[in-house]
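1. Return atomic coordinates for the entry below.
(chains A and B)
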Amino acid sequence: MRLLSTWSGAIYAALIYGFIFLPVIVLVLFSFQGGRFPIPPFNGPSLKWYRSVLADSTLIDALLNSLLVALSSSAIACLLGFLAAYGLARHRLPAAGVQRALLTAPVTVSYLIIGLGLLITFNTFGVAKSLMTVGIGHIVINAPLCFAIIYSQMGAHQENIERAARDLGAADWQVMWLVTAPMLMPAIMASYFLSVTFSWDEFIIAFLLSRFDVTLPVEIWSLLRSGLNPKTNAVGSIVFLISILLLVVIELTVFQKVTRR
Amino acid sequence: MTADVNIAGITHRFGSFTALENVSLTIGAGRFAVLLGPSGCGKTTLLSILGGFINPSHGQVFIGGKDVTALAPAKRPTTTMFQDYALFPHMSLRDNVAFGLRMRGNDRSSRHKRAEDLLSQFGLPDVADKRPHELSGGQRQRVALARALAVEPDVLLLDEPLGALDLKLRRQMQDELKDIQRRIGTTFVHVTHDQEEAMAIADDIIVMNAGVVQDIGAPETIYLKPKNRFTAAFMGEANFIAGAIAGQVGKSLRIRTAFGEHTVPRTTLLSHHPETVTRLDICFRPEHVRTDLKSRGALDLGPAQITDMAFSGTCHRCHLQVKDQTVTAHLRQNTTAKVGDTIQLQLDAADIILLPHEETA
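-> Numbers count the residues shown, from 1 in each chain, chains lettered A, B, ... in the order given. Here you go, the predicted model:
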């Protein structure tokens, strides 16, 4: 009986993980395909599709664009999230509850709606679509996240420490820069890397708000329109690999610190 | 550096709650003053007002003769040692202690040297590179003290800094605080709810209750000659016997109680005027109960029965029943009395004080 439950548990787990990871495994596997189509039979392994990705300057440009947008928009989202969290946690603001709700509300709005809204806004004001507009879109979706993470880590204990800094002669910006931000560094780093991850593989907003310079997901999408090709598998694997690397970075730098405290 | 503190007519309200009601007092330069009172008495609010963290609803604060009421904490000649120490967790101890000097623009090497000097002065050499979480409670406290004193404030404010320490360490830190204060001469204003701590360290004790200053004086005065019933009861165990003034004979007063008429010196009424006092409470401490007096100063309250007894080391603490009144008494360590025994309850008239009767709520 116990054996049965152990086995059924193991099978259940295998099915679940298989369901989640099989598509990724297939994607990665067929990026090493030797032939021209990413379908069985597998006749590899071969790195030729990776070579062709690296030789494709459009794809490499898109990859660099993606990195640029992810790193810079996340930095701004983090800064805005931190300032909002500091303001709401440390000052008595009118309708603080409503403001807090408004700040986090965009998390619940679909990316499509946010993208459309920004598209209409930029059109109205005659702002040309570019990487910057994509970055702004990503700030809109990530700032609420950064705010929520950082705000959740601001406690009364730190408030007393900030008071001590002020008592010893620190001005407001010095308190924030020298005391509050370093104390909240784990939360700030967590929200930063999380927004980098989200921005890195975001498609809809990037698609709606970009024109000539595009990010990697948009470039992959246009690649897919010309039919399945192991090259898309290869570039998809690269995207996946970078996401994994980010995850490892978060795990090692941020959550280690959080648990150590 | 040191300065006197002058609090003039401070009233503070939180919404409809009055935390401080018209508090005025002066703390001399270089004194070790203790704000003492039960929780909610307003002592911490008063300290926060001195530090500049709370703006009082009314009144002014002068430090060294200068009106600082409107000054931000950073601009005041005060620093605070916080109850939870509030050390910067992400900085080394050196940077913690040097923080105030950094804010004042001292260069790195001079402030680091000063921080290291202070740390070793406070018994923490060779730990400058550690972080606060690597220290014990007592060590953290010293770092907090060093950090607050590094900028040489005129007045150091201490917000129940010993609350989190165990008894032995607390005693030790009391001695150290007192020693440091005497050495550097800075005015210390220390908040506590522990009357033993207050007596152990204070030059001046300021007793507070319900937002009002009840009594100010040296520990001995506050304990032995409290101005009112609250102070008497708060500073330690006290017995109260209701009475009235029956007459005045020269330098003596005749007082009447349920135990008869007694003659006591006029001075036991402290500064109160006999004519203004109709009902009074005779106040005496458990250690003032005597059983062996024969002299003229003796107040005889008659036979008392011991209802219970506990040995507390320095004495036997017991409850006595005398008529319908219960009295707490400390009998001598070597007493032979037992529970159920009847003893003669006596007081030395020099030990008692007479307090005008207050209606207790």
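2. near chain B, which residues of chain A?
-> Residues of chain A lying close to chain B (CB under 8 Å from any CB of the partner chain) are A:157, A:160-161, A:163-171, A:174, A:178-179, A:182-183, A:185. Any C-beta I mention is one placed from the backbone N, CA and C, and that applies to glycine too.
3. filter the residues you listed to the buried ones?
-> In these, burial by neighbour count holds for A:160-161, A:163-170, A:174, A:178-179, A:183, A:185, counting by 16 or more other CB atoms under 10 Å in any protein chain shown.
4. in whichever helix in chain A runs longest, what counts as buried?
-> Identified as the longest helix of chain A according to DSSP state H is helix A:57-90. By neighbour count on 16+ other CB under 10 Å, the buried set for helix A:57-90 is A:59, A:62-63, A:65-67, A:69-70, A:72-74, A:76-82, A:84-86, A:88-90.
5. Strands along the stretch 251-361 of chain B, start to end?
-> B:252-257, B:260-265, B:279-284, B:289-290, B:298-311, B:316-322, B:325-331, B:342-348, B:353-356 (DSSP state E, counting those that start in this stretch).
6. Mind listing residues that contact the fourth one?
-> Contacts to strand B:289-290, defined as CB atoms under 8 Å, 6 or more residues apart in numbering or on different chains, come from residues B:298, B:320, B:327, B:329-331, B:345-348.
7. Kindly recompute the last result at 10 Å.
-> Strand B:289-290 is contacted from outside by B:239, B:298-299, B:301, B:304, B:318, B:320, B:327-332, B:343-348, B:351, using CB atoms under 10 Å, 6 or more residues apart in numbering or on different chains.
8. ditto for the first one
-> Contacts of strand B:252-257 from elsewhere in the structure, counted by CB under 10 Å, 6+ apart, are B:241-248, B:261-269, B:274, B:277, B:280-282, B:299, B:301, B:323, B:325, B:349, B:352, B:354.
9. State the mean pLDDT of that strand.
-> Per-residue pLDDT values over strand B:252-257 give a mean of 83.
10. Which of the helices or strands spans the residue of the stretch 151-300 of chain B found nearest chain A?
-> The nearest approach of the stretch 151-300 of chain B to chain A comes at B:V151, 6.5 Å away (CB to the nearest CB). In the assignment (DSSP states H and E), B:V151 maps to no helix and no strand.
11. secondary structure element for the nearest residue to it once chain neighbours are set aside?
-> Sequence neighbours aside, B:G100 is the residue nearest to B:V151 in space, at 3.8 Å (criterion: CB to CB, 6 or more residues apart in numbering or on different chains). Taking DSSP H and E as the definition, B:G100 sits inside helix B:93-103.
12. what do you get for A:L245?
-> Assigned by DSSP H and E, A:L245 falls within helix A:230-249.
13. what packs against that helix?
-> When contacts are defined as 3 or more CB pairs under 10 Å, 6 or more residues apart in numbering or on different chains; DSSP states H and E, helix A:230-249 packs onto helix A:2-31, helix A:48-55, helix A:57-90, helix A:185-200, helix A:216-225.
14. now the longest one, how far from the centre of its chain.
-> What separates the centre of helix A:57-90 from the centre of its chain is 9 Å, taken as CA atoms, centre = their mean, to the nearest Å.
15. A:L15: what's it in contact with?
-> Listed by CB under 10 Å, 6+ apart, A:L15 has no contact partners.
16. Model confidence at it, what's the number?
-> A:L15 is given a pLDDT of 93.
17. now do B:L270
-> The model's pLDDT for B:L270 equals 74.
18. Equivalent analysis for A:S57, please.
-> 81.
19. do the same with A:V258
-> pLDDT for A:V258: 51.
20. Repeat that for A:Y12.
-> A:Y12 is assigned a predicted lDDT (pLDDT) of 93.
21. And for B:L93?
-> Reading off the confidence values, B:L93 has pLDDT 91.
22. same question, the one 5 residues further on
-> The predicted local confidence for B:A98 comes out at a pLDDT of 92.
23. contacting residues around it?
-> A:168, B:91-92, B:106, B:108, B:110-116, B:118, B:128, B:146-147, B:150-151 are the contacts of B:A98 under CB under 10 Å, 6+ apart.
24. Distance of B:Q174 relative to B:F32?
-> B:Q174 is 11 Å from B:F32, where distance means CB to CB, to the nearest Å.
25. Can you tell me, leaving aside adjacent residues, what's nearest to B:D126?
-> Nearest to B:D126 is B:S120, by CB to CB, 6+ apart, at 8.0 Å.
26. And that neighbour, its phi and psi?
-> Backbone geometry at B:S120, expressed as degrees, to the nearest 10, gives phi -70, psi -30.
27. my read: it touches B:K113, true?
-> No. Counting by CB atoms under 10 Å, B:S120 sits too far from B:K113 to count as a contact (11.0 Å).
28. Go ahead and confirm A:I25 touches A:G18.
-> Yes. Contact criterion CB under 10 Å: A:I25 and A:G18 qualify, at 8.8 Å.
29. what are the ranges of the helices in chain B?
-> Using DSSP H, helices in chain B cover B:43-51, B:93-103, B:108-121, B:137-149, B:167-184, B:195-201, B:219-224, B:229-234.
30. Using CSV, lay out those helices together with distance to B:D292.
-> Putting those into CSV (distance: least, CB to CB, whole Å) gives the following:
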stretch, distance to B:D292
helix B:43-51, 41
helix B:93-103, 57
helix B:108-121, 51
helix B:137-149, 44
helix B:167-184, 33
helix B:195-201, 28
helix B:219-224, 21
helix B:229-234, 25
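31. Relative to A:V140, which of those helices is closest?
-> Comparing the helices of chain B against A:V140 with CB to CB, the closest turns out to be helix B:93-103 (37.1 Å).
32. now that closest one against helix B:108-121, angle please.
-> 130 degrees (axes from the mean of the first three to the mean of the last three CA atoms, to 10 degrees).
33. how about helix B:93-103: buried residues?
-> Neighbour-count burial for helix B:93-103, with 16+ other CB under 10 Å as criterion, is recorded at B:93-103.
34. try stretch A:117-129
-> A:118-119, A:122, A:129.
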